[in-house]
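Engineer: Need coordinates for the below:
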Amino acid sequence: MSVLAIDVGTTMIKSVVFDDQGNELAVSRLATEVHRRHPGWAEQDMDTVWNAVVYTVRNALSEITDPVWLVTFTAQGDGAWLVDAAGRPTGPAILWSDGRAGDILTRWEREGVLAEAYRRNGSLTCSGMPNAIFSWLGSHDPQRLAHSAASLTAAGWLFLRLTGVAATDESDASAPFLDHATGDYDPEIVALFGLTSYARLLPKVLGEQERISEITSEAAAQLGLPAGLPVVMAPYDIASTARGAGVVNPGQACSILGTTLCTEIVRKDVDTSGEPSGINIAYRGRERILRAFPTLNGAEVLNWAARTLHLEGPPELAALAFTESEPGARGLMFLPYLSPAGERAPFLDPRARGSFWGLSLEHTRADLARAVFDGLSLVLRDSLVASRTSVTELRLCGGGANSAEWCALIADATGVPTARSGDTELGAKGAFLTGLVLSGAESSMHSAAAKYVRMRTSWEPDPERSAYYAGLYESFLNWRTLARDAGWTPSATPVPPPRTAPGTTPRTAPQQGAPRA
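Structural biologist: Numbers count the residues shown, from 1 in each chain. Okay, the predicted model is just below:
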């Protein structure tokens, strides 16, 4: 008997079939498109996402002979996947990486709203969270909110299509509205953001034992599955990935080297102290918390660097960086904040922008490539420092973990031993483990991880290089402070003067105080 696990990522949808030993029997992937109709926007067509799920499921099932007895899934988090009373989309999904509400965040930060909300539930709002999106839509597209009956996440949309139930789980509800003590929305946080009139859009939060239902006959027919199979909603993707990496006990940590560079540490309680940073995710009901720092800048930075240096992709970028340059990139520093939405973890600044510091004529393409990897690795160190939690091992996953050189660099840059999994699809693996526990096939997440998670390779920090990167990290923070003090980038792009035809004199506005003709 087999388990079907679906992972609805931002840029890739995957369906994985696992056997009863947790081995991957079949994997089907399909890339998805993020639409950017305006600068800073990030959207997806909700029906296209569902159709991609149908395609990958049917493709994966065609490769196996054993029947599937359980369907489980995970998906990208945050955003607003708005549907009407009939469960139909009222427009495109607005994603976690959307930056249109940046000005609203700036105002909330200035007014102290973000800090006050953080002190209540330990999650710092970013522009792609529902509170920011609701506020923006309320000012720019109130009709869409009026026509919507619920604001789901990608996982909520999938659960609705599979089971007919419109709901969310505690992990997706954690930021920004969850009260971790009750497992339900905190009305005071909703009111704090001025969104009480939109509270009707928040779907029911399902507890740990409530996120299992049955597939409808309509969905089963589309997917090629028997009707009535149990369906489990696992935590959203970064939390499921942590489970898939075996990070389930306090003090364990992992970093996802993917679309986001997300560093996560398991804790027993919510941390609302210190400078507001990152999010606290309900991880196992109210017994465990996942302290997470999901950045806005990750694999896209590597893709950008590869394109800019005329390389095929990140693997070629890594080959150039690690064979032709050296630690510290010969004095070149890179701040990797390239997202149009700025950065959200381990600090929040919608205006954050990237830059190279210390560039000279002596630097090569390889130094530029190496500086990119160094900068991203120091972001991981920055997240571990912000967590203020003792970590003994950092498990690495995501596409970036395929680079052994980068895994070794991260060990040096963080000063923490690193290891990578023997599985390729850890989000799906975490959904698989969750499905086993919620269906009763396994007694606990701890026992399931111990039984099915297999690590492949590990790296110890080199003492000399770790000391070097500790100093480099201080320089990194100094350069970042200088960039932030300088405002990162002008708030508005200057408009160049109009061109004039040869032999003509451009017209200029009269100087202040000069008489007008």
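Engineer: what sits up against stretch 215-225?
Structural biologist: 4, 53-54, 57-58, 61, 68, 71, 161-164, 226-231 (C-beta atoms under 8 Å, 6 or more residues apart in numbering). Backbone N, C-alpha and C define where each C-beta goes, glycine included.
Engineer: buried set for it?
Structural biologist: 215-216, 219-220, 222-223, 225 (16 or more other C-beta atoms under 10 Å).
Engineer: just to revisit the earlier point, buried subset of the contacts of stretch 215-225?
Structural biologist: Buried members of the contacts of stretch 215-225, counted by 16+ other C-beta under 10 Å: 4, 53-54, 57, 61, 68, 71, 161-163, 229-231.
Engineer: From these, pick the one nearest Arg88.
Structural biologist: Nearest to Arg88 out of the buried ones among the contacts of stretch 215-225 is Arg161 (C-beta to C-beta; 10.9 Å).
Engineer: Would you verify that that closest one is located in a helix?
Structural biologist: Yes - Arg161: assigned to a helix according to DSSP: H, G, I helix; E, B strand; the rest coil.
Engineer: got a list of what the nearest residue to it once chain neighbours are set aside touches?
Structural biologist: Nearest in space to Arg161, with sequence neighbours left out and distances taken as C-beta to C-beta, 6 or more residues apart in numbering, is Trp50 at 5.3 Å. Trp50 is in contact with 157-158, 161, counting by C-beta under 8 Å, 6+ apart.
Engineer: Also Pro314?
Structural biologist: 299, 302-303, 306, 399-400, 403.
Engineer: Check Ala419 too.
Structural biologist: So Ala419 contacts 393-396, 455-459 (C-beta under 8 Å, 6+ apart).
Engineer: average pLDDT across whichever helix or strand it is part of?
Structural biologist: Per DSSP states H and E, Ala419 falls inside strand 418-421. Mean pLDDT, computed over strand 418-421, is 93.
Engineer: same check, this time on stretch 95-109
Structural biologist: For stretch 95-109, the per-residue pLDDT averages 93.
Engineer: ok, so of the contacts of Pro314, who is nearest Arg88?
Structural biologist: Nearest to Arg88 among the contacts of Pro314, with distances taken as C-beta to C-beta, is Ala299, at 32.2 Å.
Engineer: now for the strand or helix carrying Ser151, which elements pack on it?
Structural biologist: Ser151 is part of strand 150-152 when elements are defined by DSSP H and E. Helices and strands touching strand 150-152, by 3 or more C-beta pairs under 8 Å, 6 or more residues apart in numbering; DSSP states H and E, are strand 81-83, helix 130-140.
Engineer: For Thr263, what is the enclosing helix or strand?
Structural biologist: Using DSSP H and E, Thr263 falls within strand 261-267.
Engineer: Sort out which residues of that strand are buried, please.
Structural biologist: Of the residues in strand 261-267, 261-267 count as buried by neighbour count, 16+ other C-beta under 10 Å.
Engineer: next one: stretch 155-169
Structural biologist: 155-163, 165-169.
Engineer: would you turn those into JSON lines with pLDDT?
Structural biologist: Conversion of the buried residues of stretch 155-169 to JSON lines gives the following (pLDDT from 0 to 100):
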{"residue": "Ala155", "pLDDT": "98"}
{"residue": "Gly156", "pLDDT": "97"}
{"residue": "Trp157", "pLDDT": "98"}
{"residue": "Leu158", "pLDDT": "98"}
{"residue": "Phe159", "pLDDT": "98"}
{"residue": "Leu160", "pLDDT": "98"}
{"residue": "Arg161", "pLDDT": "98"}
{"residue": "Leu162", "pLDDT": "98"}
{"residue": "Thr163", "pLDDT": "97"}
{"residue": "Val165", "pLDDT": "96"}
{"residue": "Ala166", "pLDDT": "96"}
{"residue": "Ala167", "pLDDT": "97"}
{"residue": "Thr168", "pLDDT": "96"}
{"residue": "Asp169", "pLDDT": "94"}
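Engineer: which pair in those residues spans the largest distance?
Structural biologist: Taking C-beta to C-beta, no two of these sit farther apart than Arg161 and Asp169, at 15.7 Å.
Engineer: follow-up on the earlier one: identify all contacting residues around the strand holding Ser151.
Structural biologist: With C-beta under 8 Å, 6+ apart, strand 150-152 has contacts from 80-83, 130, 133-134, 156, 160, 166, 168, 201-203.
Engineer: avg pLDDT for it?
Structural biologist: On average, strand 150-152 scores 98.
Engineer: can you list the weak-confidence ranges in the stretch 151-300 of the chain?
Structural biologist: The stretch 151-300 of the chain contains residues with pLDDT under 70 at 285-286.
Engineer: Mind jotting down where the helices sit in it?
Structural biologist: Along the stretch 151-300 of the chain, the segments classed as helices by DSSP state H, counting those that start in this stretch run 154-163, 170-177, 187-192, 217-223, 237-244, 299-308.
Engineer: Brilliant, that's me finished.
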